[in-house]
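Asker: Fold the following and give me the result.
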Amino acid sequence: MNAKTNAVRLAEQAGIRCREAFYEFDEKDLNGMHAAEALNMPPEQVFKTLVARGERTGINVFCIPVCCELDLKKAAKAAGDKNMALIAVKELLPLTGYIRGGCSPVGMKKKYPTYLDETCELWEEIAVSAGERGHQLILNPKDLARLVSAQLADIIL
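Answerer: Numbers count the residues shown, from 1 in each chain. Below is the predicted model of the structure:
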């Protein structure tokens, strides 16, 4: 698990200062709050990656703090759509190349419109999945937004 993931390589190739953090995880409990606790970071600073499908816009990616819920109405509005619904877990790997609990906004199979919750600006650095369970990529949120062409938006409940 200590080999560099695609997400880490892409961040480094882009010249982004980042670091990695590893933690033990439980297959039966992939809750992001566990990741925040294991990393000794506030849950507001650790972001999970959610994938949703818009009625008109198709697949969209949303990164929000692990302690929060995605507001599907706000997510749809941010994406310029009427409706937004989270995809089924079985769709995650074919669409993104990542599995549940290890989905990173960096290095997905395809470049999808990506939205980062605006609360990320409160932090000098945030953690997102590095593309595998138990592995986080810690970097400046502005650098992350630039790397994945993300828009900042109010997308949490």
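Asker: from here on, contacts and neighbour counts on C-alpha atoms
Answerer: Fine.
Asker: Lowest-scoring secondary structure element of this structure by mean pLDDT?
Answerer: The helix or strand of the chain with the poorest confidence is helix 32-39; it has a mean of 91 (mean pLDDT, DSSP states H and E).
Asker: This protein: helices as residue ranges?
Answerer: 6-13, 32-39, 72-79, 89-96, 141-148 (DSSP state H).
Asker: tell me which strands and helices the third one is in contact with?
Answerer: Contacting helix 72-79 under the criterion 3 or more C-alpha pairs under 8 Å, 6 or more residues apart in numbering; DSSP states H and E are the following elements: strand 84-86.
Asker: which ones are touching the most centrally placed residue in the chain?
Answerer: Nearest residue to the geometric centre of the chain (C-alpha atoms, centre = their mean): Thr49, 2.8 Å. Contacts for Thr49 (C-alpha atoms under 8 Å, 6 or more residues apart in numbering) come out as 61-64, 103-105, 128-129.
Asker: how about 7 Å then?
Answerer: Counting by C-alpha atoms under 7 Å, 6 or more residues apart in numbering, Thr49 touches 61-64, 103-105.
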